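Engineer: no FASTA, just this:
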């Protein structure tokens with residue numbers, strides 16, 4: 001069992017930056033693929049970024065490429081999402097997710113077993 005707790009969200013002006021963190025419990029964190037999804041009001045939850053178990057491979061939605069960076073610290077059981085050049089359309093609740101790493105399907109939420117409660121990011125224009 002893995003428990004995930006997100007933090008770091010907030011209100012920021014367009015063009016600003018935040019660092020989202022996801023702290024994970026459990027001794028098997030380093031074997032899990034980790035991802036960030038987001039959900040805006042009245043919209044489906046969508047993939048943002050993912051990272052494999054070692055941190056050696058990362059994946060991004062086209063809408064955030066070049067602006068967001070996912071990373072992980074397996075010694076601390078934490079995954080980060082650095083969000084830069086924020087736009088009003090990035091406003092959403094951001095969720096951390098975890099799954100056993102099978103080497104594929106990183107962008108599909110159906111494959112993720114564990115979810116955090118989310119952290120709100122609001123970008124003002």
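Structural biologist: Good, I have the coordinates. Just so it is clear, the structure is predicted and the values come from calculations on it, not from any experiment. Numbers count the residues shown, from 1 in each chain.

Engineer: And the strands in this protein?
Structural biologist: 4-7, 10-13, 18-24, 32-39, 46-51, 58-60, 68-73, 78-83, 92-100, 114-115, 119-124 (DSSP state E).

Engineer: doesn't residue 105 make contact with residue 35?
Structural biologist: No. Between residue 35 and residue 105 there is no contact under C-beta atoms under 8 Å: 10.5 Å. All C-beta atoms are positioned from the backbone trio N, CA, C, and that covers glycine.

Engineer: Comparing the two, which shows the higher neighbour count?
Structural biologist: residue 35 (27 against 13; other C-beta atoms under 10 Å).

Engineer: Quick check: the gap between the more buried one and residue 4.
Structural biologist: 11 Å (C-beta to C-beta, to the nearest Å).

Engineer: Give the residues shared as contacts by these two.
Structural biologist: 96, 97, 98 (C-beta atoms under 8 Å, 6 or more residues apart in numbering).

Engineer: Looking at neighbours, which among these is most surrounded?
Structural biologist: If you count neighbours using other C-beta under 10 Å, the busiest of the shared contacts of residue 35 and residue 4 is residue 96, which has 28 neighbours.

Engineer: mind checking how far that one is from residue 88?
Structural biologist: In terms of C-beta to C-beta, residue 96 sits 23 Å off from residue 88.

Engineer: what number of residues lie near the residue lying closest to residue 124 once chain neighbours are set aside?
Structural biologist: Distance criterion C-beta to C-beta, 6 or more residues apart in numbering; nearest residue to residue 124, sequence neighbours excluded, is residue 13 at 5.4 Å. Residue 13: 10 surrounding residues under other C-beta under 10 Å.
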